[in-house]
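Sequence first, predicted coordinates after that:
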Amino acid sequence: MTSLIRIIIILFIYVEVFFTSCDKNPDISLNTEIVSFDLDSILTRGRLIAVTDFNSTNYFIYRGEPMGFHYELLTAFADHLGVDLELITENHPEHAFDFLNSGKADLLALSLTINSTRKSEVLFTVPIYETRQVLVQRKPRHWRYMKADELNRNLIRNQLDMAHKTIFVQEASSHSERLKSLAAEIGDSINIIEVPYEGEQLIQNVARGEIEYAVVDENIAKVNSTYYPDIDIKTPVSFPQNIGWGIRKENSGMLLKELNSWLSAYKKTDSYAILYAKYFKNKRSSRIIKSDYYALNTGKISQWDDLIKSASSEINWDWRLLASLIYQESRFKPNVKSWAGAYGLMQIMPVTGKSLGIDITSSPSNNIKAGTIYLNQLQSIFDRRIKDEHERIKFILASYNAGPGHILDAMRLADKYGMDPQVWDGNVAVWLKKKSDPRYFNDTVVKNGYFGGTESINFVTEILDRFEQYKNIIPEYISQNY
């Protein structure tokens, strides 16, 4: 089955930071209240709640599509359990652990280094992959013209030479802990500066010459090094270290057993090998970081963002909601044509465009204009019928897919058979699906006949799920939220 991804926007981030590290604090204070919530409760609830963070490997938006190693792995595990996935994004280490230990989340899907300190605080899964910590330093000028020996002489290659150097790490990370151990091992001091920046930001700072040295995980460094060719990441500061997910120590035995069993089997599959290569070995990852549509860097979803923002202001929508609708319809492809003849970014039927006096094939701008005029017409139908604005948007989206007549039929059926005609999930959506049954599409309150409602129900769910993911990462700019 396909999980219905519920993204809760909970961003506790330092003011000066856009995103922070995937490697979390080994020394945080934990909630002492014992939480009794294991796998059986998760299955009963029908939803797995996980905390993850966002960067170019864990979770991000690219060309309107949610992606990421941990994101895809979590989705696969939720599918295995047969439950929905609720994803909490949290880049502040203390808050991430707090979600887990307070019972607000079931697991930490973060790149956590498995070490003895953390083992005293959380249960670790079997290792998901391994990496090591590396020194990030800037190559000298004209390094391209240097021979290998000369280049190495201009860089730190011996860990002993890190003595008295100022090295930046994410605050409260295992990188800080490792450098303290290294200083003891070499019998000298290392000036460790902990800052509220995650690995990718530190790499960027080194590349720009703002700092001289940083320590980050090698897998993150490799992805970013192709984007920043002037940095060197070949000096390790640790042995290979196992990376895993974290689970509460209390009352989580069944979840840990099931997750470990699944991970152990999944890691042996081609699917895992492809997934790992996709994010940690594929050179395409660096192209994603360079792209104008890598949302973590640019806040952009597509090349049509300006048109979408302008059009959404006309109908008082959050632009990211309209973008999610357009992605659902066309994947942002301006000339796509459906089997039924719908055309363009918003998949407008020619007869609809003609009725609006707009040539929907003449330009992406006209196509979006026609689509938003139609959305405005739908809003006028449901403004007086659905009081709650959050519910109303579901009815509008469903009508965009199915036509308003079928949605109004389902509302009348819901009302007749004792359900709430102003609530979509579990009420009107149920009766839209029942319109494929002769007992109901022949009902006297039905005016538009047969309709197979499953596609429209999924249409609404997928758009709103993606909208939540967009809100998680991409700036709003427009004040309204749904």
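Received it, and whenever you're ready, just let me know what you need. Residues are numbered from 1 along each chain as shown.

How about residue 446, nearest residue that isn't a chain neighbour?
residue 409 (4.7 Å; Cβ to Cβ, 6 or more residues apart in numbering). Placement of C-beta: from N, CA and C, glycine included.

try residue 440
Spatial nearest neighbour of residue 440, excluding adjacent residues (Cβ to Cβ, 6+ apart): residue 434 at 4.6 Å.

Same check on residue 220?
residue 199 (4.5 Å).

Kindly report the same for residue 231.
residue 207 (5.2 Å).

Quick check: that neighbour vs residue 201, distance?
11 Å (Cβ to Cβ, to the nearest Å).

Next: residue 51.
Residue 51 is 20 Å from residue 201, by Cβ to Cβ.

okay, these two: which has more neighbours?
Comparing residue 51 with residue 201 by other Cβ atoms under 10 Å, the one with more neighbours is residue 51, at 28 against 21.

before we move on, back to that, run a quick neighbour tally on the residue nearest to residue 220.
Neighbour count for residue 199, taken as other Cβ under 10 Å: 31.

where's it relative to residue 83, distance?
According to Cβ to Cβ, residue 199 stands 31 Å off from residue 83.

before we move on, what about residue 402?
According to Cβ to Cβ, residue 402 stands 28 Å off from residue 83.

neighbour count winner among those two?
Neighbour totals were compared for residue 402 and residue 83, and residue 402 leads with 23 against 20 (other Cβ under 10 Å).

Residue 150 versus the more buried one, what's the distance?
Distance, residue 402 to residue 150, using Cβ to Cβ: 68 Å.

Tell me which stretches of the stretch 301-450 of the chain form helices.
Secondary structure of the stretch 301-450 of the chain by DSSP state H, counting those that start in this stretch: the helices cover 305-314, 319-330, 350-356, 364-382, 389-402, 404-416, 429-434, 438-441.

Which one, of those helices, ends up nearest to residue 227?
With Cβ to Cβ as the criterion, residue 227 lies closest to helix 305-314 of those, at 22.1 Å.

where does the stretch 151-300 of the chain have low pLDDT?
Confidence mapping of the stretch 151-300 of the chain against pLDDT under 70 gives the ranges 283-290.

now do 50
Under the criterion pLDDT under 50, no range of the stretch 151-300 of the chain is flagged.

next one: the stretch 351-482 of the chain
For the stretch 351-482 of the chain, residues meeting the criterion pLDDT under 50 lie at 478-482.

give me that answer again for 90
351-355, 465, 468-482 (pLDDT under 90).

circling back: tell me how many other residues crowd the residue nearest to residue 231.
Residue 207 has 19 neighbouring residues, counting by other Cβ under 10 Å.

and it, how far is that from residue 146?
Distance, residue 207 to residue 146, by Cβ to Cβ: 18 Å.

And residue 276, by the same measure?
Counting by Cβ to Cβ, the separation of residue 276 from residue 146 is 33 Å.

Residue 38 now?
58 Å.

In terms of neighbours, single out the busier of those two.
Neighbour count, other Cβ under 10 Å: between residue 38 and residue 146, residue 38 has more, with 20 against 15.

Would you agree the more buried one is in contact with residue 253?
Yes - assessed by Cβ atoms under 8 Å, residue 38 is found in contact with residue 253 at 6.7 Å.

before we move on, back to that, okay but the residue nearest to residue 220 is in contact with residue 216, surely?
Yes - taking contacts as Cβ under 8 Å, residue 199 lies within contact range of residue 216: 3.6 Å.

Read off the pLDDT value for residue 78.
Looking at residue 78, its pLDDT reads 96.

Is the nearest residue to it once chain neighbours are set aside in a helix, a strand, or coil?
Of all residues not flanking residue 78 in the chain, residue 85 sits nearest, at 3.9 Å (Cβ to Cβ, 6+ apart). Classification of residue 85 using DSSP: H, G, I helix; E, B strand; the rest coil returns strand.
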